[in-house]
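> Sequence unavailable; structure follows:
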Ligand code: AMP
Ligand code: ZN
């Protein structure tokens with residue numbers, strides 16, 4: 001069956017034709033490992049997982065590479081500000097390596113909890129410094145890069161076209177309206193490939209340009225080419241990566257080999273919280289462990305993300321999670337009911353459902369539509385193991401472990417207790433251990449027990 005994907009590059013839904021008819025190569029921009037991944041970040045990771053599972057469902061082998069950014073991602077996309085890793089290391093009184101290790105481990109735990117398949121290749125920026133230096137040197141030789149007193153810049157004016165992916169208005173930018181323009185830059189949109197390190201900079205490497213460190217975009221071009229070749233099938237990420245990071249990756253590749261590195265560019269939309277942005281200042285940054293803390297399986301969150309197409313915004317509320325938890329229970333018990341059923345079902349009915357599910361996922365990963373087929377089967381009056389078998393096949397895409405026993409679903413935890421748990425979380429974040437202990441005792445007095453586990457705190461009635 002044909003597969004169609006919306007391609008950000010052409011702004012059209014296109015038939016997917018892989019370069020190799022058997023194996024699809026995907027590069028996914030991974031996390032900057034300086035803080036915990038949020039449920040927003042994980043929405044993007046679930047979308048990427050659905051992509052690979054859909055390809056596998058259609059019989060393809062997948063080779064997916066994902067980078068871990070552990071150097072060079074500056075606080076501002078405009079090559080300014082501190083390196084996020086160094087900033088976090090200072091704040092947490094650790095080394096950047098310790099920070100990277102800690103948050104990489106936490107990220108992998110989230111992937112596992114959400115039943116996200118591991119990419120075949122996970123590559124760390126700091127393990128590829130020489131590959132990146134080679135890449136920058138080639139760009140210099142080819143005349144696409146130049147050295148200033150502070151950095152090696154990519155010269156976007158050498159390209160036939162820039163931008164190609166986004167709607168950046170280069171002409172407007174030339175007028176210098178928005179960004180302070182580095183006087184040594186030839187063009188306002190030129191970006192840093194390599195950055196010269198000030199004497200007190202803690203992450204730096206010897207290079208032909210002295211002690212220095214990579215820019216953020218070069219790592220994905222260097223590692224993408226190393227592991228997947230000059231051109232691969234699909235490049236993925238969140239929509240925020242389109243105008244700078246992905247635009248600049250394309251620029252680098254075009255400079256290097258005259259090719260856009262991927263044929264299809266797919267981007268996931270944002271998760272909103274109560275209709276707005278997730279932000280520290282609003283106190284609404286949620287992690288997977290917060291979902292667990294409230295007594296829900298991480299797979300409830302996974303199911304929740306299927307209520308919206310990946311290219312649409314999705315609004316997170318605790319009410320929606322509560323209602324999805326009920327749906328998840330129904331899904332699992334519905335599967336069991338079919339498994340224990342004994343009705344005869346005609347093959348043509350099974351085929352029709354299978355066809356409809358497959359065409360939904362193949363239509364640019366339309367999970368809301370695919371789920372409507374699943375719910376029809378769950379609701380069917382006729383209970384049959386044939387339906388259970390079909391649902392299990394669909395679950396290779398849904399990744400919801402529908403055949404696993406219902407975990408002990410937490411009883412309703414009263415709002416009052418949840419509030420105390422939330423306050424304790426804030427206290428712990430602020431390293432206010434005294435307050436955290438006081439809240440734990442208070443929770444205890446009210447008849448609930450809080451246990452800190454690797455997946456987050458869990459609350460039980462005593
Ligand atoms: P950040 O943690 O902001 O560096 O984001 C890492 C990546 O996760 C971004 O590049 C986005 O692609 C994705 N992301 C961040 N916030 C959200 C969100 N609220 N919803 C969906 N994806 C997000
Ligand atoms: Zn990237």
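Noted; the coordinates are in hand. Please read all numbers here as calculations on a predicted model, not as lab measurements. Ligands and ions are numbered 1, 2, ... in the order given.
> Can you spell out the domain ranges of this structure, please?
By the assignment in automatic domain parsing, the chain contains the domains 19-268, 275-398, 413-461.
> close to ligand 1, is the second one?
Yes: for domain 275-398 and ligand 1, the contact criterion (C-beta under 6 Å from any ligand atom) is met by residue 278. Just so you know, the C-beta spots here come from the backbone N, C-alpha and C atoms, and that holds for glycine as well.
> Can you get me the start-to-end distance on that domain?
Using C-alpha to C-alpha, to the nearest Å, one end of domain 275-398 lies 26 Å from the other.
> for it, the distance to its chain's centre please.
Distance of domain 275-398 from its chain centroid, counting by C-alpha atoms, centre = their mean, to the nearest Å, is 19 Å.
> Now the residue in the stretch 201-350 of the chain that ligand 2 sits nearest to. Nearest residue, chain neighbours left out?
Closest contact between the stretch 201-350 of the chain and ligand 2, by C-beta to the ion, is at residue 220 (3.3 Å). Spatially, and ignoring its direct neighbours in sequence, residue 220 is nearest to residue 249 (5.2 Å; C-beta to C-beta, 6 or more residues apart in numbering).
> how far away is the one you found from residue 234?
Look at residue 249 and residue 234: by C-beta to C-beta, to the nearest Å, they are 13 Å apart.
> what number of residues lie near the closest residue to ligand 1 within the stretch 1-150 of the chain?
Taking C-beta to the nearest ligand atom, ligand 1 has its nearest neighbour within the stretch 1-150 of the chain at residue 40, 2.4 Å off. Applying other C-beta atoms under 10 Å, we find 20 residues neighbouring residue 40.
> Just to check, it is in contact with residue 268?
No: contact criterion C-beta atoms under 8 Å: residue 40 and residue 268 do not qualify, at 9.7 Å.
> hey, which helix or strand in the chain has the poorest pLDDT?
Averaged element by element with mean pLDDT, DSSP states H and E, the chain has its least confident helix or strand at helix 170-174 (a mean of 60).
> I'd assumed the residue of the stretch 201-350 of the chain closest to ligand 2 was in a helix, is it?
Yes: counting by DSSP: H, G, I helix; E, B strand; the rest coil, one finds residue 220 located in a helix.
> So what's the residue count around it?
29.
> What parts of the protein come near ligand 1?
Counting by C-beta under 6 Å from any ligand atom, the chain sits next to ligand 1 at 31-32, 40-41, 43-44, 237-238, 240-241, 270-271, 278.
> Contacting ligand 2 as well, which ones from those?
Restricting those to those touching ligand 2 (C-beta under 5 Å from the ion) yields no residues.
> List the ones among these that fall in helices.
Per DSSP state H, helices hold the following members of those: 40-41, 43-44.
> Please convert the residues you listed to CSV, extending it with pLDDT.
Below are these laid out as CSV (pLDDT from 0 to 100):
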residue, pLDDT
40, 97
41, 97
43, 98
44, 98
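> Would you write a PyMOL line that selects the buried entries of those residues?
Buried residues among those (16 or more other C-beta atoms under 10 Å), as a PyMOL selection:
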select buried, resi 40+41+43+44
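> mind putting the ones in helices among the residues of the chain next to ligand 1 in CSV, distance to residue 153 included?
What follows is these, written out as CSV (distance: C-beta to C-beta, whole Å):
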residue, distance to residue 153
40, 31
41, 29
43, 34
44, 29
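> Quick check: of the ones in helices among the residues of the chain next to ligand 1, which lies closest to residue 124?
When those are compared for distance to residue 124 (C-beta to C-beta), residue 41 wins out at 17.6 Å.
> quick one: that closest one and residue 48, what's the gap?
Counting by C-beta to C-beta, the gap from residue 41 to residue 48 is 11 Å.
> for whichever residue of the stretch 301-450 of the chain sits closest to ligand 1, what are its contacts?
Distance from ligand 1 to each residue of the stretch 301-450 of the chain (C-beta to the nearest ligand atom) is smallest for residue 314, at 7.9 Å. Contact analysis of residue 314 by C-beta atoms under 8 Å, 6 or more residues apart in numbering lists 43, 269-272, 304-305, 307-308.
> Next step: the residues you listed restricted to strands.
Using DSSP state E, the subset of those located in strands is 271-272.
> how many neighbours does residue 17 have?
When neighbours are counted by other C-beta under 10 Å, residue 17 registers 11.
> in which helix or strand would I find it?
Of the helices and strands defined by DSSP states H and E, none includes residue 17.
> next one: phi and psi at it?
Residue 17 adopts backbone torsions of phi -120, psi 110, taken as degrees, to the nearest 10.
> ok, so what distance separates it from ligand 2?
Counting by C-beta to the ion, to the nearest Å, the separation of residue 17 from ligand 2 is 24 Å.
> and that residue, how far is that from residue 263?
Taking C-beta to C-beta, one finds residue 17 at 8 Å from residue 263.
> Show me what whichever helix or strand residue 417 is part of is in contact with.
Residue 417 belongs to helix 415-429 when assigned by DSSP H and E. With C-beta under 8 Å, 6+ apart as the test, helix 415-429 has contacts from 283, 290, 293-294, 413, 433, 435-436, 439-440, 442-443, 446, 448, 450, 457, 459.
> residues near the closest residue to ligand 1 within the chain, how many?
At 1.7 Å from ligand 1, residue 238 is the closest residue in the chain, using C-beta to the nearest ligand atom. Residues lying near residue 238 (other C-beta under 10 Å) number 20.
> how about the nearest residue to it, chain neighbours excluded?
Nearest one to residue 238, counting by C-beta to C-beta, 6+ apart, is residue 44 at 4.6 Å.
> give the contact list for the one you found.
Residue 44 neighbours (C-beta under 8 Å, 6+ apart): 237-238, 268.
> Distance to residue 168 and pLDDT for those residues - can I get that in a markdown table?
A markdown table is the format used below for the contacts of residue 44 (distance: C-beta to C-beta, whole Å; pLDDT from 0 to 100):
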| residue | distance to residue 168 | pLDDT |
| --- | --- | --- |
| 237 | 17 | 98 |
| 238 | 17 | 97 |
| 268 | 20 | 98 |
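> tell me which of the residues you listed is nearest to residue 224?
residue 237 (11.9 Å).
> Surely that closest one is in contact with residue 249?
No: contact criterion C-beta under 8 Å: residue 237 and residue 249 do not qualify, at 9.6 Å.
> Between those two, which has more neighbouring residues?
Taking other C-beta under 10 Å, residue 237 and residue 249 do not tie; residue 249 has more neighbours (27 against 23).
> Buried residues, stretch 209-225. List them.
209, 212-225.
> now stretch 346-361
349-350, 353, 357-361.
> Also stretch 197-212?
So, applying 16+ other C-beta under 10 Å, buried residues of stretch 197-212: 197, 203-205, 207, 209, 212.
> any weak-confidence spans in this structure?
Applying pLDDT under 70 to the chain flags the ranges 169-181, 406-412, 453-456.
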